[in-house]
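In: please find the sequence and the predicted model below.
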Protein chains: 2
Amino acid sequence: MPLASKIPAYRIVYETIRTRIQDESFQQGTLLPSEHDLCVLYHVTRPTIRKALDALVHEGYIKKHQGKGSVVMGVPKGIGILSITGTTSAIGQHNLKTRIIVKPEVRTWTSAFSFSLTEHEKELGCIYMERLRYVNDNPVFYDITMIPNLNLPRFTSRSFENKSLFDILRKHYQIQIMGGEQQIMAHGADKTLQKYFRVPKDHPVLQLNRRMETNRVNFYVYSQVFCNTDDYVLYGRF
Amino acid sequence: MPLASKIPAYRIVYETIRTRIQDESFQQGTLLPSEHDLCVLYHVTRPTIRKALDALVHEGYIKKHQGKGSVVMGVPKGIGILSITGTTSAIGQHNLKTRIIVKPEVRTWTSAFSFSLTEHEKELGCIYMERLRYVNDNPVFYDITMIPNLNLPRFTSRSFENKSLFDILRKHYQIQIMGGEQQIMAHGADKTLQKYFRVPKDHPVLQLNRRMETNRVNFYVYSQVFCNTDDYVLYGRF
DNA sequence: TATAAATACTTGTATAGACAAGTTATAATT
DNA sequence: AATTATAACTTGTCTATACAAGTATTTATA
């Protein structure tokens, strides 16, 4: 498991606290150790701690109150596709199953959904894959992912069955999703979606076109996600 | 125009730069003055400048590149309801017209869309209003807003025709939206939406339930927004 | 005992400086 | 002239400190 050589301290603090909230060693409703105590715990200064906490606040893991402390809110509920990088981390792997519709394969491309591509991206081609994802055995997400075909050895042969795409990118290729932009719209299900979601013609479906930025400059991951919101709604913080 | 007594320096810097990007005195594609230069300009230190820039990065106004500088991206395109507090600021007042369907009035409430209320909120009652908003003369948003009826003198008699609700809250009542959570789903238009959006039965419509946090503790603004995404899609950064 | 004042905490804001790391322009070298 | 090294400038990370402002606890007072 190759690790990035130099991970900033605030990032490590962020990951650590986030993990401890996820595994409930910091319990929902309780107060986080004070910023001063966290300084001692992680051997960093307060600005570093605060930078880590800022990210946790923004993602909804904690809520701060001046004079009181930081309240642990727990893992953001719902399906946090709007604010979290992937669906896996938001709803937990227990409930999420993945069926590969199109295995990762190299394709040519001239555009990525509604996003335009640079000449360099067009030349490279892309790794294309389609997945259908089940929440509690109900098909809820149908997503198409396109990644520029740039030096990702063995990528197409990897298994994505029950793993998060973003986990694989991070662990094996040191690629982290830093943020991105997305378009959201509602429209009627086409034949493909009718088939996979088992819904009638023109059944309302949510669509997201996403362009995700990574820690590699000019390396973007594109995805188009269709979502059946009959039983599960998307959730996000802002 | 009453002003909050003590606005932090980083906030003023943020507002100033944001305004200058909006009115294009910082032009899209150009580099922002370096952090050092901004320090001199606004008479603050680099951490303060960086805190302001962090917010601008997060909202998509600028993009930073280590060693190079901060590139002005311009006002985030599309309809930024996902990340910005209101629709007005995102698409500009030129294209946005508002028709009041239900004037602000005091009502009782037991819940706010899918969000549960505290006993205190229930006792207070709420100020209720419905608006239909047009983008380039097309009805695109239908929103219901509910605000706890807490000491907002003259609120119900104010005009909301062509002003942002959030501007009024900020300027007249010193209430700022700090963030919030939202649910997003797609479903078919009901009779009300068919009428206002001029769409057929079960036409796919986007729905957002939003709970917005303010700078007053335990004071939340609730809104439900329906959106016809046939011609305009929602846009957001994450 | 009940109330009020002082105190010890918490997070919020801001300063001043240091070095690392990436980019660009300049100067030196071949 | 083209290439390489240097320097200058950019943002990224981090330290150490100070005071303001909000909250909770303790202590002093009535």
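Out: Sure thing, it's come through. None of these values were measured; they are calculated from a predicted model.
In: could you use CA atoms for every contact and neighbour count after this?
Out: Noted.
In: what helix or strand is the residue of chain A lying at maximal distance from its centre located in?
Out: Relative to the mean C-alpha coordinate of chain A, counting by C-alpha atoms, centre = their mean, the farthest residue is A:G67 (33.0 Å). Under DSSP states H and E, no helix or strand contains A:G67.
In: the one 3 residues further on now?
Out: Element membership for A:S70 (DSSP H and E) is strand A:69-72.
In: try A:K171
Out: For A:K171, the host element (DSSP H and E) is helix A:165-173.
In: repeat for A:E24
Out: Using DSSP H and E, A:E24 falls within no helix or strand.
In: number of residues surrounding the closest residue to it other than its chain neighbours?
Out: Distances taken as C-alpha to C-alpha, 6 or more residues apart in numbering or on different chains place A:G74 nearest to A:E24, at 7.8 Å, with adjacent residues excluded. Using other C-alpha atoms under 10 Å in any protein chain shown, A:G74 is surrounded by 21 other residues.
In: what does A:I147 give?
Out: Counted with other C-alpha under 10 Å, A:I147 comes out at 21.
In: now the one 4 residues further on
Out: The local packing count at A:N151 equals 9, with neighbours defined by other C-alpha under 10 Å.
In: check the secondary structure at it for me.
Out: coil (DSSP: H, G, I helix; E, B strand; the rest coil).
In: ok, now how distant is it from A:R216?
Out: Distance, A:N151 to A:R216, by C-alpha to C-alpha, to the nearest Å: 12 Å.
In: repeat that for A:E35.
Out: To A:R216, A:E35 is 32 Å away according to C-alpha to C-alpha.
In: low-confidence stretches in chain A?
Out: Within chain A, the segments meeting pLDDT under 70 span A:1-5, A:77-94, A:161-163.
In: tell me if I'm right that A:K201 and A:L193 touch.
Out: No: assessed by C-alpha atoms under 8 Å, A:K201 is found out of contact with A:L193, at 9.0 Å.
In: distance from stretch A:151-159 to the middle of the chain?
Out: The chain centre lies 19 Å from the centre of stretch A:151-159; the measure is C-alpha atoms, centre = their mean, to the nearest Å.
In: let me redo that: stretch A:125-138
Out: Its chain's C-alpha centre and that of stretch A:125-138 lie 13 Å apart, by C-alpha atoms, centre = their mean.
In: now swap in stretch A:119-137 and tell me
Out: With C-alpha atoms, centre = their mean, you get 14 Å for stretch A:119-137.
In: end to end, how far does it reach?
Out: By C-alpha to C-alpha, the extent of stretch A:119-137 from end to end equals 41 Å.
In: what does that stretch contact?
Out: Contacts with stretch A:119-137, where a contact means C-alpha atoms under 8 Å, 6 or more residues apart in numbering or on different chains, come from A:95-111, A:139-150, A:156, A:196.
In: switch the cut-off to 6 Å
Out: With C-alpha atoms under 6 Å, 6 or more residues apart in numbering or on different chains as the test, stretch A:119-137 has contacts from A:95-110, A:139-149.
In: looking at A:K201 and A:L193, which one has more neighbours?
Out: Per other C-alpha under 10 Å, whichever of A:K201 and A:L193 has more neighbours is A:L193, with 21 against 13.
In: Provide the secondary structure category for the more buried one.
Out: Three-state assignment for A:L193 (three-state DSSP): helix.
In: how close does it get to chain B?
Out: 14 Å (C-alpha to the nearest C-alpha, to the nearest Å).
In: can you list the domains in chain A?
Out: Taking automatic domain parsing as the domain assignment, the ranges for chain A are A:9-72, A:88-227.
In: returning to that earlier point: got a list of what the residue nearest to A:E24 touches?
Out: Residues counted as contacts of A:G74 (C-alpha under 6 Å, 6+ apart) are A:I21, A:Q28, A:Y61.
In: return the member of those nearest to DNA strand D.
Out: DNA strand D lies nearest to A:Q28 out of those, by C-alpha to the nearest atom of the strand, at 16.7 Å.
In: how near is that closest one to A:P76?
Out: For A:Q28, the distance to A:P76 - C-alpha to C-alpha - is 11 Å.
In: so which of the two has more stuff around it?
Out: Just comparing A:Q28 and A:P76: by other C-alpha under 10 Å the higher neighbour count belongs to A:P76, 21 against 17.
In: how about the contacts made by that one?
Out: A:P76 neighbours (C-alpha under 6 Å, 6+ apart): A:G60.
In: need the three-state assignment for it.
Out: Assignment for A:P76 (three-state DSSP): coil.
In: which element is the closest residue to A:R11 other than its chain neighbours on?
Out: Spatially, and ignoring its direct neighbours in sequence, A:R11 is nearest to A:A52 (6.5 Å; C-alpha to C-alpha, 6+ apart). Element membership for A:A52, per DSSP H and E: helix A:46-59.
In: count of residues packed around the closest residue to A:K51 other than its chain neighbours?
Out: Closest residue to A:K51 apart from its sequence neighbours, by C-alpha to C-alpha, 6+ apart: A:Y10 at 6.3 Å. If you count neighbours by other C-alpha under 10 Å, A:Y10 ends up with 20.
In: tell me the phi and psi of A:Y10?
Out: Per-residue torsions, A:Y10: phi -60, psi -30 (degrees, to the nearest 10).
In: hang on, isn't it packed against A:A52?
Out: Yes: the pair A:Y10 and A:A52 passes the contact test of C-alpha atoms under 6 Å, sitting 5.2 Å apart.
In: for chain B, what are the nearby residues on chain A?
Out: Contact residues, chain A versus chain B (C-alpha under 6 Å from any C-alpha of the partner chain): A:83, A:179-187, A:204-206, A:229, A:233-238.
In: repeat that for 7 Å
Out: Applying C-alpha under 7 Å from any C-alpha of the partner chain, we find that chain A lies next to chain B at A:82-83, A:179-188, A:204-206, A:229, A:233-238.
In: fine by me, we can end here.
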